[in-house]
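S.K.: Predicted model and sequence follow; I will ask about them next.
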Amino acid sequence: MTKTMKAAVLHKIKDRLVIEDVAIPEPGHGDILIKVKACGVCHSDLHALEGDWSPLPNLPLIPGHEVAGHVAAIGPGVQGFQIGDAVGVPWMYSSCGACEFCLAGMETICKSGEATGYSKPGGYAEYMVASAAFVGKLPADADFFELAPILCAGVTTYRGLKRTGARPGQWVAVLGIGGLGHIAVQYARAMGLRVAAVDVADDKLALAKSLGAEVLVNGAQEDAVAAIQSKIGGAHAAVVTAVASKAFEQAILMLRPAGTVAYIGLPGGKSDEIRTSIAAITNWELSIRGSNVGTRADLHEALDFAANGLVRAKIRTAPLSQINAIFDEMRQGKIVGRVVLDLSQGAT
Ligand code: NAD
Ligand code: ZN
Ligand code: ZN
């Protein structure tokens, strides 16, 4: 094995990533080394390099948390893995396993958790180290490029939908039909929900329609709240994956009485605040819930949906060398579906 690998590295917040030769990491106790094949480009990676969130990521940073690859080496103390196993690495790199939240099956809100591609090096590289206890096992014959987005976009929207408590036959409004949103539409359909899709771009709405959304609303062209209230009488549930605070404000007002909205998007920075109507929430007994990626159990379930063909990311593959151009496209809202980096070709 060579001792160095290609990786895309962020040295300073707001800088462009630099493709560099860096040392292949060694797996420590409980870790596995993964030869990365595919890594999705999530909008959270863009937030990381823009410095939109607090705390800031650890620099220098190798981003990437939608990873699919094969086990290349196994650290001490790891059981249940063999060289060559197909694995996926999510955002949740690890949690402490001992706090009140971990013990309650709420490891997503462990205060000692580490984040792949944020506090720990991620998958914009030929190799990465992951904590064996937190990786997902993938079917050996899976399409790793289509499966990679399930590691974040998939598990996150699956959990978000569950946290709304929506039941089969009910309406869910999905606000933001990007990398996360187009997968949310598919989980919602697979869970028996009816989908109203809201975005500000017609090509995203066309994708939502092709995936089973029955109602399409372009919030840049019409009053999205009025449209949802008049077309379906308000949504029983909503999930917000948009990157604009306005959508978070609108989602509350799109609900039916007793409805629940799950906030998933994290616009951050100056867009981190909303204004809303206290009366609307109180009088109509609305619920607003946050939803942060997913537990390991959520991940296993989310991967099962994909393995059974119920959910399939619409992807475009690209080499690591194009990463800065991909972020430019993402800033402009031009990506339809998800871009997945192909690391099997090195960095070319
Ligand atoms: P993306 O760029 O692929 O998609 C964002 C979508 O929002 C685009 O389709 C865009 O057109 C749409 N949009 C923008 N303004 C809108 C508006 N006013 N109304 C409706 N839609 C609007 O991004 P992504 O990768 O899907 O990520 C979305 C957000 O989710 C990001 O903020 C990301 O950081 C966050 N995220 C959160 C979690 C979590 O655990 N909570 C996990 C992953 C990603
Ligand atoms: Zn993500
Ligand atoms: Zn914990």
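M.R.: That came through, no problem. Given the structure is predicted, the values throughout are model-derived calculations rather than measurements. Ligands and ions are numbered 1, 2, ... in the order given.
S.K.: what residues are up against residue 158?
M.R.: With contact set as C-beta atoms under 8 Å, 6 or more residues apart in numbering, residue 158 has these partners: 187, 294, 298, 301-302, 305. Bear in mind the C-beta positions are built from the backbone N, C-alpha and C, glycine included.
S.K.: Sort out for me which of these are in helices.
M.R.: Using DSSP state H, 187, 298, 301-302, 305 are the members of those that sit in helices.
S.K.: so which of those residues comes closest to ligand 1?
M.R.: residue 298 (10.7 Å; C-beta to the nearest ligand atom).
S.K.: what about residue 275, how many neighbours?
M.R.: 8 (other C-beta atoms under 10 Å).
S.K.: Now render the contacts of residue 158 as a markdown table, adding pLDDT and neighbour count.
M.R.: Formatted as a markdown table, the contacts of residue 158 follow (pLDDT from 0 to 100; neighbours: other C-beta atoms under 10 Å):
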| residue | pLDDT | neighbour count |
| --- | --- | --- |
| 187 | 98 | 29 |
| 294 | 98 | 27 |
| 298 | 98 | 23 |
| 301 | 98 | 17 |
| 302 | 98 | 26 |
| 305 | 98 | 20 |
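S.K.: Tell me how far residue 98 lies from residue 261.
M.R.: Plainly put, residue 98 is 32 Å away from residue 261 if you go by C-beta to C-beta, to the nearest Å.
S.K.: Counting neighbours, go ahead and name the busier of the two.
M.R.: Using other C-beta under 10 Å as the criterion, residue 98 and residue 261 rank with residue 261 on top: 28 against 10.
S.K.: So the more buried one sits against residue 289, correct?
M.R.: Yes. Residue 261 lies in contact with residue 289 (C-beta atoms under 8 Å); the separation is 7.3 Å.
S.K.: Overlap in contacts, those two.
M.R.: Joint contacts of residue 261 and residue 289 (C-beta under 8 Å, 6+ apart) are residue 164.
S.K.: can you give me the helices in the stretch 101-250 of the chain?
M.R.: In the stretch 101-250 of the chain, the helices defined using DSSP state H, counting those that start in this stretch lie at 144-147, 153-164, 179-190, 202-210, 224-232, 245-254.
S.K.: and this protein, which residues reach ligand 2?
M.R.: Proximity of the chain to ligand 2 is confined to 42, 44, 152 under the rule C-beta under 5 Å from the ion.
S.K.: looking at it, the first one is touching residue 150, isn't it?
M.R.: No. Here residue 42 does not reach residue 150: they are 11.7 Å apart, not a contact under C-beta under 8 Å.
S.K.: In terms of neighbours, single out the busier of the two.
M.R.: Higher neighbour count among residue 42 and residue 150: residue 150, with 32 against 28, using other C-beta under 10 Å.
S.K.: got the contact list for that one?
M.R.: If you count contacts by C-beta under 8 Å, 6+ apart, then residue 150 has 66, 88, 183, 302-303, 306, 311, 313 around it.
S.K.: Give me the pLDDT for it.
M.R.: We have a pLDDT of 98 for residue 150.
S.K.: Nearest spatial neighbour of it, chain-adjacent residues omitted?
M.R.: residue 306 (4.8 Å; C-beta to C-beta, 6 or more residues apart in numbering).
S.K.: how many neighbours does the one you found have?
M.R.: Neighbours around residue 306, by other C-beta under 10 Å: 27.
S.K.: Over to residue 279?
M.R.: 8.
S.K.: Compute the first-to-last residue distance for stretch 255-269.
M.R.: One end of stretch 255-269 to the other measures 26 Å (C-alpha to C-alpha, to the nearest Å).
S.K.: Looks like residue 320 contacts residue 9 (just checking).
M.R.: No. Taking contacts as C-beta under 8 Å, residue 320 lies outside contact range of residue 9: 11.0 Å.
S.K.: All good on my end, thank you.
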